[in-house]
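Engineer: sharing a sequence plus its predicted fold:
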Amino acid sequence: MDEPIGIEERYPARYWHRLDDGRIQCDLCPRDCKLKEGQRGACFVRGRINDAMVLTTYGRSSGFCIDPVEKKPLNHFYPGSRILSFGTAGCNLACKFCQNWDISKARSFDKLADQATPQSIADSALDLDCPSVAFTYNDPVIFAEYAMDVADACHAVGVKTVAVTAGYIHAQPRIDFYAKMDAANVDLKAFTDEFYFRQTGAYLGPVLETLHYLCKETDVWVELTTLLIPGYNDSAHEIGKMCEWIARALGQDVPLHFTAFHPDYKMTDIPATSAVKLSEARQIGHAVGLYHVYTGNVHDTAGGTTHCASCKQTLIVRDWHDIRDYRLTAQGCCPHCGALLAGRFGMYQSQPGARRIPIRISR
């Protein structure tokens, strides 16, 4: 919090208040950063200048790409569609295992090479045949004002919005932020406070509150992701407790993705997650009653396949992000028994490709 804010980096931020001791407090996330003049918060992109909170990354991106929606990962949100994806810099968590650390931990704004207004992003999504825009690569919670403005511009032209997030946000901004989102993939990083505190510098409770709010009080389509880290959050006991809570508190229809860790950032001495461990976690999820449990970051056709929760027939076959077979009706129903698959679906034609395509957007 000791690097000064540049005079040009001054977009007015919401969610803060003044303290009696002269500092101001950021009220966006549970970190509750308390700042003196010129200081930045733990996320590094929200700070104080001229006795007010500012967002330093509004309109600035680390890059734009066209992804298959399955990369978010979202398996029940318009499968096979293209999604325009971008992030900024910084993060409000301090994950030692971050797989995008060069962006989320960036303290150099040289990473923010692309600039784009909310309207130009919405227009580009239409021009590029992307029915959705994703706020991803780093957590959109920390650039909430920018993400919400982009979402407004997208919705005005019929483009949907997706948040890929850790869900670490206070109650009021949570309501405002997710009111602008059509779908979210939320990282449930583990199911113990010890892991959250030691490995992310955060707490589990606010994430569970976000998940409960999203699944029970909003129409946002929600999928969960847990990165399994060998020896840290991959015990059968912890996985079982987490899956039981998801089934009981959120619903059996909520898709859960177990994804493979690879050594990175501050955990380069930890081995990559084995395919066997991912399959075991998937089996645990199914055993406690979850209908849709997937594996990710590996080639595993069984772990990427969607089945009907009613008759168990195969509906969508995937290998990593690549759709190999698609049998749902346009209404999202099973062609065998007619049951509606949980999610958001439309007319499927063919997946345009499973590879990421970098693009540039003009302001």
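Structural biologist: Nice, I can see it.
Engineer: where does the residue most central in space within the chain land on pLDDT?
Structural biologist: Centroid check for the chain by CA atoms, centre = their mean gives residue 164 as the closest residue, at 1.5 Å. Looking at residue 164, its pLDDT is 98.
Engineer: what is the neighbour count of residue 219?
Structural biologist: When neighbours are defined as other CB atoms under 10 Å, residue 219 has 10 of them. To be clear about C-beta, it is placed using only N, CA and C from the backbone, and glycine gets the same treatment.
Engineer: what's the answer for residue 302, then?
Structural biologist: Residue 302: 11 surrounding residues under other CB under 10 Å.
Engineer: before we move on, the earlier item: what's the burial count for the closest residue to the residue nearest to the centre of the chain other than its chain neighbours?
Structural biologist: Nearest residue to residue 164, sequence neighbours excluded (CB to CB, 6 or more residues apart in numbering): residue 136, at 3.9 Å. Residues lying near residue 136 (other CB under 10 Å) number 22.
Engineer: swap in the one 10 residues further on?
Structural biologist: As a burial measure, residue 146 scores 25 neighbours (other CB under 10 Å).
Engineer: and residue 335, by the same measure?
Structural biologist: 11.
Engineer: strands of the stretch 51-200 of the chain, residue ranges please.
Structural biologist: Along the stretch 51-200 of the chain, the segments classed as strands by DSSP state E, counting those that start in this stretch run 52-55, 60-61, 63-68, 82-87, 114-115, 132-135, 160-165, 183-187.
Engineer: name the residues that touch the longest strand seen in the chain?
Structural biologist: In the chain, taking DSSP state E as the definition, the longest strand is strand 221-228. If you take CB atoms under 8 Å, 6 or more residues apart in numbering as the criterion, strand 221-228 is touched by 73-77, 97, 99, 182-190, 211, 214-215, 233-234, 242, 246, 250, 254-261, 273, 277-278, 281, 296, 343-344.
Engineer: separation between the nearest residue to residue 156 once chain neighbours are set aside and residue 89?
Structural biologist: In this structure, residue 156 finds its nearest non-sequential neighbour in residue 122, 6.9 Å apart by CB to CB, 6+ apart. As judged by CB to CB, to the nearest Å, residue 122 and residue 89 stand 22 Å apart.
Engineer: if we can go back for a sec, enumerate every residue touching the residue nearest to residue 156.
Structural biologist: 133, 150, 153-154, 156-157, 159.
Engineer: counting by contacts, list what the host helix or strand of residue 210 packs against.
Structural biologist: Element membership for residue 210, per DSSP states H and E: helix 204-217. Under the contact definition 3 or more CB pairs under 8 Å, 6 or more residues apart in numbering; DSSP states H and E, helix 204-217 sits against helix 171-178, strand 183-187, helix 193-195, strand 221-228.
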